[in-house]
Each structure stands twice: as structure tokens, then as C-alpha cells.
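Asks: sequence first, predicted model second:
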Number of protein chains: 2
Amino acid sequence: MINYENRYAKLKDLINRELEHFIPKKHPAGIYDPLRYILAGGGKRIRPVLLILSCEAAEGKPSHALDAALAVEALHNFTLIHDDIMDNADTRRGRETIHKKWDKDTAILSGDALLGLAYESLLKTKSSRIGKIAQFFTNGIIEVCEGQSRDKEFEFRKNVSLDEYIMMINKKTSQLLVTCVKIGALIGNGKSSLIDAMENYAVNIGLAFQIQDDLLDIFADEKKFGKKIGGDIREGKKTYLLIKGLETVKDKNDKALLESVIIKKGVKKESDIIAIKSIYERYGIIDSATNEIEKYTNRANEFLRKINDKTSREMLLWFSYMLLKRNM
Amino acid sequence: MINYENRYAKLKDLINRELEHFIPKKHPAGIYDPLRYILAGGGKRIRPVLLILSCEAAEGKPSHALDAALAVEALHNFTLIHDDIMDNADTRRGRETIHKKWDKDTAILSGDALLGLAYESLLKTKSSRIGKIAQFFTNGIIEVCEGQSRDKEFEFRKNVSLDEYIMMINKKTSQLLVTCVKIGALIGNGKSSLIDAMENYAVNIGLAFQIQDDLLDIFADEKKFGKKIGGDIREGKKTYLLIKGLETVKDKNDKALLESVIIKKGVKKESDIIAIKSIYERYGIIDSATNEIEKYTNRANEFLRKINDKTSREMLLWFSYMLLKRNM
């Protein structure tokens, strides 16, 4: 039996090694120093690994997918740099963000340059379908921007429905995973039926991943999670839990407490955060979130049946498992 | 004889009409409203017209180059949106900038989305060389970012040489024109010798254009120029005139006045601006700039000889002329 964990670790190491010389060692330092800094910041490298595994699922050679894998990791980091400016985030993965360590202008411009370098890497891919590959990549960028715009828009709205929330996280989280699997499968010369199945896998695993993220924010083991729990409540973020809670909770006091998260744009008191956690437990909001995660994960994994190669299929099943068991 | 002015006006109108429905009429308004706004802001549409003329110079059909032409105009506007944030510019072409009319986050995000839409349009181009076309486009983005980074870096440096200045404006201004001509010629199925000649044309005409821009900033007819003259001096920008002036001027008082532009990061007094203008005249700085513009223009136009089609060649000669006679 293949050791999936080991395989993932090896791919992650490969990506990390390649990223070490991804940024050109030339001037101007004003953009290339911050980019070297952010790419050295670690992370799970989920997207490039998923792209390579999708290439293998289409029975393509993983080495053919390497430039594209680096491109999606660069694209992901481009979104982080600009999102961190908009979210006023001072740290990411325990290190200062670019706009904090340098300044906003540097973060804007180095983000832009990183998107250029992402395309540069993508376009090194040798494939007769390079036009299509670039289209999928471009679509990923547009979707992520639309998702981020929705997310910002939701901050200023009182009511957001669960459907709207799912639509937003589909754009903000799932669609970049869609980009990864479609490009990977295309490089592997996969049939359109496989590409469609992989797209459905990515949409659903992305939704599961994001709802899990909302759940972890308040129910994670703080040490393993690497940050203080309850951050979303403190920032007044409209998560799956809060939206579902507002729909479900009837008791006047409990409802008022949840509403205060939105009205006050975040609740900071420790006792309030504990009370909200208890509401989520008592009203079955946690169970509901867990069910949704399971539902989307099962849906996602169903689509993996389309993969003929047994090892690839099982590797991706393990990948889903790994993605959703993180830090719980 | 072809009426070149008329031909240019017609191409410009075509671009303007197409730009009216370039931005999808869908949500989220948070990014698409600002983008419709900026694309409706006018401008000379130099880049898309140049791309189409370059396609014609390679004896290709202009209609085949339209999607790519819109893409370079979108790319240009993406750089304007983000540059205006970094330059703290409140207005552009007499209208409020996006970050002023909306806010910085909106400007960052809608700029990002516009770059996505630019690629989307570019990739609609039907060409067997689409991979190469996308590479040239990507290279343009990276060069512009490097140019902008150098420009920002120069703001904080006391000394910048003329060579460094030329290198910077090559990246910031010429290289996007290079992108236009190379993509146009490639869509027209031009030979590599033609593509090389067009690249040299674009580099040189871009340098002439930028030095002309520096000159217009202080010697333009205010009404025709559409903005107050001397803006570069007020902002302490290191232009061709200032760098050449600092190299040339020996008189202690005159030199001190020029140096004060850099030390004080801009000189605001009207009498100082008039005095600086007089220094530029007395020391032959203006003549030197005019000579440089002529030198680069002549160099540029020499390369047009490589174009076989007489009408195309003469149209581009007129284009050079138009570019450099604007508003003087």
C-alpha cells in the first residue's frame, strides 16, 4: 500500500524547493524582496499539490504539471497579499504581512507583479491546450475577485442568506481549487468527462473546507490551530455558524447576542464569545455545520469514482480526508 | 491619399464602442461599477490602436486583433487604477479616481479584476500562437510593475542618473507599447524580423513619448494640456528635465533651486516654478530634451522601413507624428 501521507509530504517539499528560486534574483528589490519573503512563509501548499494529483488522475506525468502548480501557488499568494491589505491583517502564519512589514504601496505592487510571475510560470507549460489552460487560470482570478467583493459587500449588509453565503465561498474558495483540478487534468490530457468530475469534486471539497474553517475558528484546539479561537466573532464576520444561528435561534436574549456580532461589527468580550459558543452547541448549529461538511465531502468523493487509476483515486480520497481533519 | 487622422478617429471610436460592453453587466457591483466608470473615462486609446495598426503592418486583418486590443487597454487601465492609489492622485482626466470616488480597497480589488478581464479578452484571440501572445502580454505586466517599482524607488533617492531614468521609462512606458506591437504583429502572422523591428519602434517611440510628457508638464499650453503646468516640480518628480538640469547647471543659486525640488520633495511657490522654467531654458535643458525626443523618434521611424505595406507604414509614421505633436 502507498503511504499517502508520505507522498503528500514529498510533493509539498518539491513545491517548497521550487518556490525558493521562483522569484528572479534581480532588481528592483522593492517588489522581489517582499515576494521572496511571502513565498518562504510556508503553508500547506494544498493547491499546487492538488493540481499535480489531478494531472496524475488523468494519467499524466506530474513533472509536466510543475510549472502550472507553482503558478497556482503564486496566484493564491497574490490573493493573500491583497486580501490582507483589505482585511487590515497584521500577521499571516505567524509572520508580519507585507503591507505591515513594508507598506501598502509595496503590497499592492508586489502583489501585481506576483500575478505576472504566476502567468509567466503557467505559460511555460508544454501543452497543445495552453490557451484553454490560461483561460481556466484567468477564470479562477475573476471568480476569486468576485468572491472577495461579495465578502466585503456582506460586511455592510445586515442580512445574508445561507444560499448567498454558499455562493460567496464557492467563488472565494472553491473556484481556485476548480482551477487547480481542471488545469491539472488538462495537462494530463484528461477527457472532458474526467475534467467535469474533477470540477465537481473541487467545488464540493472547497465548500466543505470553508465551512470547516468557520467551525475551526471557534472549536479548534488553540495550540494546534495556531491562532486564538473566536477570531470571526471578534471581527464580526458572517460565517456559516452565525448565519445559520440567526436563522435558527428563537430565544430573544440568545438572538440579541448573535445580532450584536453584526450590529457592533464584532464582539470582543470573552464571556460573550463563550456564550455564543454555547448557543451554537445548544441549538444544533455545530451539528448542522458538521452535517454540511459531511454532505459536501461525500458529494465530492463520489465524483472521484470517475478516476480509473486506483492509486490516484485513493490518493485524492486521502487528500479530502487530510484537508478536513486538519487541526481538529 | 488615406486620411490618417480619420482612420485613427474611426479606430478609436470602435474601441470606445466595444469598451462600453467590455465589463459584464452582472454582480458584484462592488467591482464592476468602478470598472465601467473608468473605462468610460476616455483617453486617446493609443495602445489598442497601435496593436491593431501593428496587425495591419503584418498584413493581418484588424478584426482579428480586436479582442487583444481591448485587452491592452484594460491592462493599461489596471495600471492606472493601482498607480493612482500609490501616487495619491485624486483625479485623472478631470474625473475622480476610483480610490477617491469609492475607496482604496475597491480600487485594489477592481484593478485586480480588470487584469483578469484583460486576460479573458486576450485569450479570445484565435491564433495558433496564443501561448506566445499570452507570454508577451504577461511580460508587459511584469515590466510595468518593475518600472513602477523603480519610479517609487527613485522618489527616495537623491541621485538618479539619466541612464537609470531611461531604463525606468523604458519599463514603465515603452514596454507596454512593445507588448502592443508584438501581439499585433503576431496576430497578423508577421515574420520574426518584422516583430523585432516593431519592438524597436515601440521602445524608441515610448522613450520619445515619455520625455515629451516631461517637457509638456512645464511647457504645454495649459488649456490644451488640460491640467496645471509644473505638476512634476510641485510633486518633486525626477523627470528628464530635472535630472539633466542637475547634471548641467553649475551656478550655485540655480543648482540649489533645482536641488530643493528633490530635498523638499516638491516646490510649490509659483515664482520658484517660473525660475526653474527659466533655468531649463537658459542652460539648454529644453533643447537637450527636444533633441532626445527627435533622436528617439527618428530611431523609431527608421524601423518602420521593415514594413512592406506602404499604407500601413505611412499610417504608423503618422501615428508617431500624432503621438509627439499632441497638445504642444
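Replies: All right, it came through fine. Numbering: from 1, shown residues only, chains lettered A, B, ... in the order given.
Asks: which parts of the stretch 151-300 of chain A sit against chain B?
Replies: A:152-153 (C-beta under 8 Å from any C-beta of the partner chain). For every residue, glycine as well, the C-beta is placed using N, CA and C.
Asks: what number of residues lie near residue A:67?
Replies: 17 (other C-beta atoms under 10 Å in any protein chain shown).
Asks: now do the same contact list for it.
Replies: By C-beta atoms under 8 Å, 6 or more residues apart in numbering or on different chains, the residues touching residue A:67 are A:121-122, A:124-125.
Asks: could the C-alpha coordinates of the host helix or strand of residue A:80 be exported in CSV?
Replies: According to DSSP states H and E, residue A:80 maps onto helix A:66-86. Only the C-alpha atoms of helix A:66-86 are listed here, as CSV (Å, rounded to 0.1, in the frame of the first residue of the first chain):
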residue,chain,number,x,y,z
LEU,A,66,5.1,21.5,-12.1
ASP,A,67,5.2,25.0,-13.7
ALA,A,68,1.4,25.2,-13.5
ALA,A,69,1.5,24.0,-9.9
LEU,A,70,3.9,26.8,-9.0
ALA,A,71,1.6,29.2,-10.9
VAL,A,72,-1.5,28.4,-8.8
GLU,A,73,0.5,28.8,-5.5
ALA,A,74,1.7,32.2,-6.8
LEU,A,75,-1.8,33.1,-7.7
HIS,A,76,-3.0,32.1,-4.2
ASN,A,77,-0.3,34.2,-2.6
PHE,A,78,-1.2,37.1,-4.8
THR,A,79,-4.8,37.0,-3.4
LEU,A,80,-3.4,36.7,0.2
ILE,A,81,-1.2,39.8,-0.2
HIS,A,82,-4.1,42.0,-1.5
ASP,A,83,-6.7,40.5,0.9
ASP,A,84,-4.5,41.1,3.9
ILE,A,85,-4.4,44.8,2.9
MET,A,86,-8.2,44.9,2.7
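Asks: quick check: next helix or strand after it?
Replies: Past helix A:66-86, the next helix or strand by DSSP H and E is strand A:91-92.
Asks: give the pairing partners of that next one; include direction for each.
Replies: Strand A:91-92 sits in its sheet next to strand A:95-96 (antiparallel), going by DSSP bridges.
Asks: quick one: residues in contact with the partner strand.
Replies: In this structure, residues lying in contact with strand A:95-96 by C-beta under 8 Å, 6+ apart are A:41, A:90.
Asks: hang on, the earlier thing: got a markdown table for the contacts of residue A:67, with distance to chain B and secondary structure too?
Replies: A markdown table is the format used below for the contacts of residue A:67 (distance: C-beta to the nearest C-beta, whole Å; DSSP: H, G, I helix; E, B strand; the rest coil):
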| residue | distance to chain B | secondary structure |
| --- | --- | --- |
| A:121 | 10 | helix |
| A:122 | 9 | helix |
| A:124 | 9 | coil |
| A:125 | 9 | coil |
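Asks: now render those as JSON lines, adding neighbour count and pLDDT.
Replies: Shown next, in JSON lines, are these (neighbours: other C-beta atoms under 10 Å in any protein chain shown; pLDDT from 0 to 100):
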{"residue": "A:121", "neighbour count": "22", "pLDDT": "98"}
{"residue": "A:122", "neighbour count": "26", "pLDDT": "98"}
{"residue": "A:124", "neighbour count": "15", "pLDDT": "98"}
{"residue": "A:125", "neighbour count": "22", "pLDDT": "98"}
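Asks: from the chain's centroid, how far away is the helix holding residue A:80?
Replies: 11 Å (C-alpha atoms, centre = their mean, to the nearest Å).
Asks: nearest to chain B within the stretch 151-300 of chain A, name that residue for me.
Replies: residue A:153 (5.3 Å; C-beta to the nearest C-beta).
Asks: check which helix or strand covers the nearest residue to that residue once chain neighbours are set aside.
Replies: Of all residues not flanking residue A:153 in the chain, residue B:30 sits nearest, at 5.3 Å (C-beta to C-beta, 6 or more residues apart in numbering or on different chains). Secondary structure assignment for residue B:30, by DSSP H and E: helix B:29-39.
Asks: wait, what's in contact with residue A:25?
Replies: Contacts of residue A:25 (C-beta under 8 Å, 6+ apart): residue A:32.
Asks: before we move on, back to that, I'd say the residue nearest to residue A:153 and residue A:149 touch.
Replies: Yes. Counting by C-beta atoms under 8 Å, residue B:30 does reach residue A:149; the two are 4.1 Å apart.
Asks: what do these two both touch?
Replies: residue B:109.
Asks: between those two, which one's more packed in?
Replies: For residue B:30 versus residue A:149, the count of surrounding residues by other C-beta under 10 Å is larger for residue A:149: 25 against 22.
Asks: tell me which helix or strand that one sits in.
Replies: Element membership for residue A:149, per DSSP H and E: helix A:130-155.
Asks: list the buried residues for the next helix or strand after that helix?
Replies: Using DSSP H and E, the helix or strand that follows helix A:130-155 in sequence is helix A:162-169. Judged by neighbour count using 16 or more other C-beta atoms under 10 Å in any protein chain shown, the buried positions of helix A:162-169 are A:165-166, A:168-169.
Asks: can you put the residues you listed in a markdown table and add distance to residue A:288?
Replies: Formatted as a markdown table, the buried residues of helix A:162-169 follow (distance: C-beta to C-beta, whole Å):
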| residue | distance to residue A:288 |
| --- | --- |
| A:165 | 13 |
| A:166 | 13 |
| A:168 | 18 |
| A:169 | 16 |
